[in-house]
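Q: The following comprises the amino acid sequence and a computationally predicted model.
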Amino acid sequence: MSNKPFFLLGNEIPKGERTVLDLKVAKLHTRTTVNVPVIIERSSNPGPVVLLLAGIHGDETNGVGIIREIISQDINKPKNGTIICIPVFNIFGYLIQTREFPDGRDLNRMFPGSATGSLASQFAYQFTQKIAPFVDYIIDFHTGGGERDNISQIRCVETDKKALELAKVFNPPTIVYSNNIAKSLRYTCNKMSKTILLFEGGKSKELNPTVINEGVNGTKNVLIHLGLIDGEITVREKPIIVSKAKWLRSSHSGMFKIIAKNGSFVKKHEVLGIIQDPFGEFKKRIRAPHNGYIFCTNKTPIVNKGEALFHVSIEE
C-alpha cells in the first residue's frame with residue numbers, strides 16, 4: 001500500500017503510466033535474444049501489486065487468451081495500486097506449442113531455480129529474484145495437460161485462508177482443495193508469503209470462449225475486491241467445493257466414448273463412458289464408483305489400460 005517509488009527489473013515504474021519491460025531470458029543459438037514482455041500498469045494512487053501470469057506451460061493457451069482479453073478490455077488499468085501482466089511466461093514452449101522448456105524440463109517444477117542451473121532453472125531463478133518479491137498477489141492461469149479438459153476451477157490449499165477467501169471472490173464453477181507441489185511456482189510464492197491463486201480451465205492448445213470468459217470475470221472480481229478497479233462483483237451460484245477426489249482409470253485399452261458431461265453430478269453406478277475395440281467385438285462400460293462431480297475429462301479418442309479418464313469428487 002506504500003506510495004514509495006516502485007521498481008521492477010531495475011527500472012522505476014512511474015505513477016499513472018503504462019510501462020512494458022523485457023525479462024531477458026537467453027539467446028537462441030542463432031544469437032536471437034529471447035525476451036518475455038512484462039506489461040505494467042501503475043495508478044497514481046497507492047495500493048497492492050497484483051501479477052497476472054499465464055503460459056508457464058507453453059501449450060496452455062487459454063490462460064494467454066484470458067490475459068489478452070483483460071488487457072484488451074483495459075481491466076488491467078487500475079484506479080489504485082499496480083497490475084502486472086505476463087501473458088506468455090514460457091515463451092520457448094509457446095512458440096512451438098509444447099509444454100516443456102527446450103531442455104525438456106517442466107518449468108513449473110524448477111522453482112525457486114538456480115543462477116547456474118539448467119535453462120529452465122535459470123529462468124525460474126530470474127522470476128523468483130526479480131519479479132516475485134515485488135508483488136502481493138498472483139493469479140497463475142493454467143489448463144489441463146494434453147487432452148485433459150478441466151472445468152474452470154481455482155486450486156488452493158484448504159488451510160490458506162487468504163487464498164480461499166480470494167478463491168470464493170473469484171467465484172469459479174469449482175474450487176479444488178489442492179496441496180502445493182514442491183518446486184512449483186505456487187509452492188515457492190506461498191513460501192515467500194505471497195497470496196496466489198491457481199486457475200485451471202479447459203485443455204491445452206485451445207482457445208475456449210467459455211473458459212476465457214470465466215477467467216476474465218473471476219479476475220475482475222478479485223481486482224474489484226482488492227480495490228484496484230471499480231465495479232460490481234459478479235456472483236454466480238456458489239462454487240462446488242472439491243475436498244476429496246479420485247481419478248477413474250481405464251480398465252481396458254480401446255476407443256473411448258464419453259457419455260457423462262464434464263461438470264455434471266453423477267450417481268454411483270452411473271455409466272460415464274464406454275471403451276470399445278475397433279472391430280466391434282467388445283464394449284466395456286465405465287461406471288461411477290461413488291456419487292460426485294466430474295471436474296476433468298480425458299477427451300482423447302484412444303486410451304490405454306490404466307489411463308486416467310475422469311476426475312470425480314468424492315461426496316460423502
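A: Right, received. Where do you want to start? Residues are numbered from 1 along each chain as shown.
Q: pretty sure residue 97 is touching residue 58, no?
A: Yes - here residue 97 reaches residue 58: they are 6.4 Å apart, a contact under Cβ atoms under 8 Å. For the C-beta atoms, the positions are set from N, CA and C on the backbone; glycine is no exception.
Q: Compare these two (neighbour count), which wins?
A: Between residue 97 and residue 58, counted using other Cβ atoms under 10 Å, the more crowded position is residue 58 (24 against 12).
Q: how near is the closest residue to that one other than its chain neighbours to residue 56?
A: In space, residue 58 comes closest to residue 93 once its chain neighbours are excluded; the distance is 1.9 Å by Cβ to Cβ, 6 or more residues apart in numbering. Distance, residue 93 to residue 56, by Cβ to Cβ, to the nearest Å: 9 Å.
Q: Now for those two: what residues contact both?
A: Common neighbours of residue 93 and residue 56, counting by Cβ atoms under 8 Å, 6 or more residues apart in numbering, are residue 107.
Q: related to what we said a few turns ago, residues in contact with the residue nearest to residue 58?
A: 55, 57, 58, 59, 99, 100, 101, 107.
Q: Now the element after the host helix or strand of it, going C-ward?
A: Per DSSP states H and E: residue 93 is located in helix 91-96. Per DSSP H and E, the first helix or strand lying C-terminal to helix 91-96 is helix 119-130.
Q: Render the CA-only coordinates of that following helix in PDB, please.
A: The C-alpha trace of helix 119-130 is given here as PDB (Å, rounded to 0.1, in the frame of the first residue of the first chain):
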ATOM      1  CA  LEU A 119      18.000 -23.100 -18.700                       C
ATOM      2  CA  ALA A 120      14.600 -23.700 -17.100                       C
ATOM      3  CA  SER A 121      16.100 -23.400 -13.600                       C
ATOM      4  CA  GLN A 122      17.800 -20.100 -14.600                       C
ATOM      5  CA  PHE A 123      14.600 -18.800 -15.900                       C
ATOM      6  CA  ALA A 124      12.700 -19.700 -12.700                       C
ATOM      7  CA  TYR A 125      15.500 -18.100 -10.700                       C
ATOM      8  CA  GLN A 126      15.200 -14.800 -12.600                       C
ATOM      9  CA  PHE A 127      11.500 -14.700 -11.800                       C
ATOM     10  CA  THR A 128      12.000 -15.600  -8.200                       C
ATOM     11  CA  GLN A 129      14.600 -12.900  -7.700                       C
ATOM     12  CA  LYS A 130      13.400 -10.100 -10.000                       C
END
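Q: Helix or strand next in line after it, which one?
A: That would be, after helix 119-130 and using DSSP H and E, strand 137-144.
Q: Centre of the chain to that following strand, how far?
A: Here strand 137-144 is found 3 Å from its chain centre; the criterion is Cα atoms, centre = their mean, to the nearest Å.
Q: Just give the strands next to that strand in its sheet, each with its orientation.
A: According to DSSP bridges, strand 137-144 forms sheet pairs with strand 49-54 (parallel), strand 195-203 (parallel).
Q: Could you spell out the sheet neighbours of the helix or strand following that strand, each with its direction?
A: Counting by DSSP H and E, the next helix or strand C-terminal to strand 137-144 is strand 148-156. Using DSSP bridges, the strands paired with strand 148-156 are strand 174-177 (parallel), strand 195-203 (antiparallel), strand 292-298 (antiparallel).
Q: quick one: which of these is nearest residue 163?
A: Closest to residue 163 of the strands paired with strand 148-156 is strand 195-203 (Cβ to Cβ; 5.5 Å).
Q: Would you point out the helix or strand in this protein whose mean pLDDT is lowest?
A: strand 18-27 (a mean of 89; mean pLDDT, DSSP states H and E).
Q: Give me the buried positions along that one.
A: 19, 21, 23, 25 (16 or more other Cβ atoms under 10 Å).
Q: what bits of the chain have low per-residue confidence?
A: Scanning the chain with the threshold set as pLDDT under 70 gives 1-3.
Q: make it 80
A: 1-4, 25-29, 316 (pLDDT under 80).
Q: farthest residue from the center of it?
A: residue 281 (41.2 Å; Cα atoms, centre = their mean).
Q: Check the secondary structure at that residue for me.
A: Following DSSP: H, G, I helix; E, B strand; the rest coil, residue 281 is assigned to coil.
Q: next one: residue 223
A: With three-state DSSP as the basis, residue 223 sits in helix.
Q: got it, and residue 34?
A: Counting by three-state DSSP, the backbone at residue 34 sits in strand.
Q: count of neighbours near it?
A: Using other Cβ under 10 Å, residue 34 is surrounded by 16 other residues.
Q: isn't it right up against residue 26?
A: Yes - in this structure, residue 34 is within contact of residue 26 by Cβ under 8 Å, at 5.5 Å.
Q: For the spatially closest residue to residue 261 that is not a sequence neighbour, give me its contacts.
A: Of all residues not flanking residue 261 in the chain, residue 294 sits nearest, at 7.4 Å (Cβ to Cβ, 6+ apart). Counting by Cβ under 8 Å, 6+ apart, residue 294 touches 151, 260, 261, 262, 263, 264, 266, 272, 310, 311, 312.
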